[in-house]
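Trainee: Mind looking at a prediction? Sequence and model below.
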Amino acid sequence: MKLNACLNKRMCMFGLSVLIMSLIIAVILGLLAGPNSPLTWFLIAALLIIPYVHRRLSARHYVEWKDEYSVGIDSIDRQHKKLLNLINQLQTAVDYSTGEEFERDALDELVDYTKTHFSYEEGLLEQNSYPDFEPHKEQHKQMIKHVEEVLAEYEKDHDTAMSNAVEYLKSWLINHINGTDKQYSSFLIEKGVK
């Protein structure tokens with residue numbers, strides 16, 4: 001599985017490189033044959049469009065902050081934004097085969113900051129006697145447990161583990177923000193937390 005994921009990434013990049021080189025050669029030959037050919041201009045347009053299309057397709061893997069994710073508490077929103085950025089950093093490590101060290105660093109930084117965020121959030125909830133504190137804290141524990149399982153899987157097959165981790169973390173964070181975090185936000189805002 002590890003070899004297949006690695007080969008797929010390399011084959012995709014190799015295929016894209018071959019396409020670009022072929023277009024460059026075709027454009028040069030077309031210009032040498034005569035710059036008035038519509039085919040030459042079509043090839044030039046295709047060559048210029050490839051980076052745009054590639055960027056658009058790659059961007060679908062990343063999560064962007066949306067105002068609808070806001071829980072209305074600035075300190076928590078800032079932390080959620082940082083978590084999204086760290087998840088996107090991990091996605092970059094996965095997409096571009098940056099190497100095991102960078103992947104491990106990105107994952108470790110994400111896990112460490114997630115624990116910091118959870119501790120901060122749980123502190124606010126406990127200080128303000130949030131009635132659903134224990135179930136919320138349990139969700140945090142389950143998420144950390146899942147990430148630790150991914151870390152164990154990472155030792156066996158890091159490409160698959162990283163891809164799974166990124167998808168899980170994106171989905172979990174957005175669902176958690178829009179679910180249980182939104183539930184406590186009005187409670188904390190009423191208590192004066194900003």
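Mentor: The structure has been received and is ready for your questions. Numbering: from 1, shown residues only.
Trainee: mind listing what the most centrally placed residue in the chain touches?
Mentor: Centrality entry for the chain: nearest residue to the mean C-alpha point is Asn88, 3.1 Å, by Cα atoms, centre = their mean. By Cβ atoms under 8 Å, 6 or more residues apart in numbering, Asn88 lies in contact with 62-63. C-betas here are computed from N, CA, C, even on glycine.
Trainee: For it, give its distance to Ile50.
Mentor: 23 Å (Cβ to Cβ, to the nearest Å).
Trainee: Same question for Glu101.
Mentor: Distance from Glu101 to Ile50, by Cβ to Cβ: 31 Å.
Trainee: Same drill for those two, tell me which one is more crowded.
Mentor: Ile50 (13 against 9; other Cβ atoms under 10 Å).
Trainee: where's that one, which helix or strand?
Mentor: helix 38-59 (DSSP states H and E).
Trainee: average model confidence for the helix or strand just after that helix?
Mentor: Sequence order places helix 74-95 as the next helix or strand after helix 38-59, per DSSP H and E. The average pLDDT for helix 74-95 rounds to 90.
Trainee: Can you give me the buried ones in helix 74-95?
Mentor: 76-77, 79-80, 83-84, 86-95 (16 or more other Cβ atoms under 10 Å).
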